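>>> structure for this input, please:
(one chain, ligands or ions: 2)
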Amino acid sequence: MLPLTHDTAPGCIAAGLDHTLQRARLLGQGSSAQVYEAGPGEVIKLFRPGVSPSMVDREFAAAALAAAQGVRVAAPLERATHDGRELIRYRLVPGHTLLSAIARKPHLGLPTMHRLARLHASIHRRISGSSLRTQGQVLQRDIQQAPTDDRTRSAAAACLAVLEPGSHLCHGDLHPGNVIDAPEGLTAIDWSKACIGHPAADVARTELLLRFGAVHDALERVSFVQLGRSLAAGCYVRSYLLHGGMTRADVLAWHLPVAVAWLRFRQGRPGDAFERYVAKLVARTVRA
Ligand SMILES: Nc1ncnc2c1ncn2[C@@H]1O[C@H](COP(=O)(O)OP(=O)(O)OP(=O)(O)O)[C@@H](O)[C@H]1O
Ligand SMILES: [Mg+2]
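Numbering: from 1, shown residues only. Ligands and ions are numbered 1, 2, ... in the order given. Just a heads-up that it's a prediction; the model follows:
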């Protein structure tokens, strides 16, 4: 068990953590953090240097809120800082992510998309008047700061301005790497981008992540991989639409603002398939 006693300073985990982490098993990692097994039934998510403390605060608060609303999540246990690194102690969720499950058994890809859609619809059934950020604020800021041309930013902002805001709990980053297939059922982790907003925008984001999210460079050029991803994304959206009271057009209406906002963080190659897709969306909107 990790010596998770507090230092004299509140919010600081005691010295000794370094030593324990050196021996701890790395369970997984993403772009913002490494996750270590930290004793029976617990993990420590240790954020990479430079990750803003406010983002980590938001992740902790959102996971706690989702748990309080009855969503199956990794329960957040403690928010702390150690040696200049931000961290959250979570309950361990046993099982593999959907991403690793699909990588091991690609033939389960499409049934997995149905399960992902069902989970997403169940999150959206939570209506929340909480302290989370609103989707509109987040999208507006990310669009303004997207590294693209004025025409693209203006088209996305104009599109966002006429869309209905919505008041549902949205995960903001639901993709197969952020869902663990646990014995109790699918469990959504990584709530740092959670917000209150319109489910159709959240579905558009997941669809774009499935179609254009990072894969290995070599794989990106293989056409059957791209085809598989488009099929998976289409299957996820169709399945979601069976659950929630919305249409394909509702989801498509969010593609432009959600895609341009993503440009702010996305580390793709200039002119790649995603950038070509954004250019097509802009051209279509400007023509209309
Ligand atoms: N509570 C948990 N229990 C078990 N494994 C976990 C838990 N939290 C995270 N993991 C593992 O660690 C990996 C990375 O976690 P997480 O997605 O939270 O990191 P991240 O850096 O925020 O990811 P991203 O790249 O999406 O920003 C997960 O894919 C999963 O394998
Ligand atoms: Mg993640």
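>>> residues making contact with the longest helix that the chain contains?
Determined from DSSP state H, the single longest helix within the chain is helix 223-243. The contact list for helix 223-243 (C-beta atoms under 8 Å, 6 or more residues apart in numbering) reads 106, 109-110, 113-114, 116-118, 120-121, 203, 206-208, 210-212, 215, 219-220, 247-248, 251, 273. Any C-beta I mention is one placed from the backbone N, CA and C, and that applies to glycine too.
>>> and stretch 140-153, average pLDDT?
When pLDDT is averaged over stretch 140-153, the result is 97.
>>> got the contact list for the closest residue to Thr285 other than its chain neighbours?
Closest residue in space to Thr285, ignoring its immediate chain neighbours: Ala155 at 5.0 Å, by C-beta to C-beta, 6 or more residues apart in numbering. Contact partners of Ala155, counting by C-beta under 8 Å, 6+ apart, are 256, 260, 281-282, 285-286.
>>> what's the burial count for Ile143?
Using other C-beta atoms under 10 Å, Ile143 is surrounded by 26 other residues.
>>> surely it meets Arg153?
Yes: applying C-beta atoms under 8 Å, one finds Ile143 in contact with Arg153, separated by 5.7 Å.
>>> who touches both of these two?
Taking C-beta under 8 Å, 6+ apart as the contact rule, Ile143 and Arg153 both touch Val260.
>>> phi, psi of Val162?
Per-residue torsions, Val162: phi -100, psi 0 (degrees, to the nearest 10).
>>> got it, and His96?
Main-chain dihedrals, His96, degrees, to the nearest 10: phi -110, psi 160.
>>> doesn't Val260 lie inside a helix?
Yes: judged by DSSP: H, G, I helix; E, B strand; the rest coil, Val260 forms part of a helix.
>>> wouldn't it be in contact with Val278 here?
Yes: counting by C-beta under 8 Å, Val260 does reach Val278; the two are 6.4 Å apart.
>>> neighbour count for those two, which is higher?
Counted by other C-beta under 10 Å, Val260 and Val278 do not tie: Val260 has more neighbours, with 26 against 22.
>>> picking that back up, which of the residues in the longest helix of the chain are buried?
By neighbour count with 16 or more other C-beta atoms under 10 Å, helix 223-243 contains the buried residues 226, 228-229, 232-237, 239-241, 243.
>>> how near is Ala279 to Arg205?
Going from Ala279 to Arg205 by C-beta to C-beta, to the nearest Å gives 19 Å.
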